[in-house]
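Q: What follows is a predicted protein model with its sequence.
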Amino acid sequence: MTEQSEEQGWYVAYTQPKREQVATTNLAQQGFEAYLPQYKTFKKLPAGSVVVSEPMFPRYAFFRPCNAGQSISGARSTRGVSFILSFGSHPAMLKTFELRAIQACEAERNLTDLAAISPFQPANRVRLRNCGLRGLEGLVQSVSSKRVAVLLLLLGRQKVVTVGHHQLELA
């Protein structure tokens, strides 16, 4: 990156719904430097909870020209982009230090252990699903990145059962 491009701000593209990645890819193919901040989270699907990366700011992507002479007019008609955010006739700009702060937050979240971002935390009530003990409720005892230990009352006795995140739902 040149010193000039380092000082240059980032434009904000408002994307079509659920098309942030398409917009970012197409902006990059047109010669723009494009960035879509994403974060790691659990998403509830019919099969259970799974880890996914989702846009940090739904419907927003950031871009800037790779060289000083490049116009942003082509970005307006990029597949996946609805419009370029602006204030009146002036395009909205994000300063480079602000984008660096977003990147730092993104990196911190993505390095976080899955157990820390799991919706299943110790003492939460959960219900088993997609397994032989389906429908039973218990308390989360401990959480790791792949498994959750659940304290259940079975036949009048307390028993700890270890299952995958996808086999639980919050009760």
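A: Everything's here; your move. Please read all numbers here as calculations on a predicted model, not as lab measurements.
Q: Just after the helix or strand harbouring Thr41, pick out the following helix or strand.
A: Thr41 is part of strand 38-45, with elements assigned from DSSP states H and E. Toward the C-terminal end, the helix or strand that comes next after strand 38-45 (DSSP H and E) is strand 48-55.
Q: just to revisit the earlier point, the strand holding Thr41: which residues count as buried?
A: Gln38, Tyr39, Thr41, Phe42 (16 or more other Cβ atoms under 10 Å). Quick note: C-beta positions are derived from backbone N, CA and C, even for glycine.
Q: Which residues are in contact with the closest residue to the second one other than its chain neighbours?
A: The spatially closest residue to Tyr39, leaving aside those adjacent along the chain, is Arg109, at 4.5 Å (Cβ to Cβ, 6 or more residues apart in numbering). If you count contacts by Cβ atoms under 8 Å, 6 or more residues apart in numbering, Arg109 has them with Tyr39, Lys40, Ile117.
Q: on that earlier part again, over the strand holding Thr41, what's the mean pLDDT, rounded is fine.
A: Mean pLDDT, computed over strand 38-45, is 80.
Q: Kindly report the same for stretch 99-112.
A: 91.
Q: quick thing: my sequence starts at 70, can you match it?
A: Right, with 70 as the first residue, what we last looked at is stretch 168-181.
Q: I'd like the distance from that stretch to the chain centre, please.
A: Relative to the mean C-alpha coordinate of its chain, stretch 168-181 is positioned 11 Å out (Cα atoms, centre = their mean, to the nearest Å).
Q: where does the chain dip in pLDDT?
A: By pLDDT under 70, the weakly predicted segments of the chain are 70-76, 113-118.
Q: how does it look with 80?
A: Low-confidence segments of the chain (pLDDT under 80): 70-77, 111-120, 182-187, 199-201, 214-215.
Q: for it, what spans make up the strands?
A: 79-84, 101-104, 107-114, 117-124, 129-134, 150-153, 155-156, 159-160, 162-163, 194-197, 206-212, 216-223, 226-233, 237-239 (DSSP state E).
Q: sorry, back to before: so which of the buried residues of strand 107-114 would you say is closest to Arg226?
A: Comparing the buried residues of strand 107-114 against Arg226 with Cβ to Cβ places Phe111 closest, at 30.6 Å.
Q: Show me what the closest one is bridged to.
A: When bridges are called by DSSP bridges, Phe111 pairs up with Val120.
Q: most centrally placed residue in the protein?
A: Nearest residue to the geometric centre of the chain (Cα atoms, centre = their mean): Glu123, 2.6 Å.
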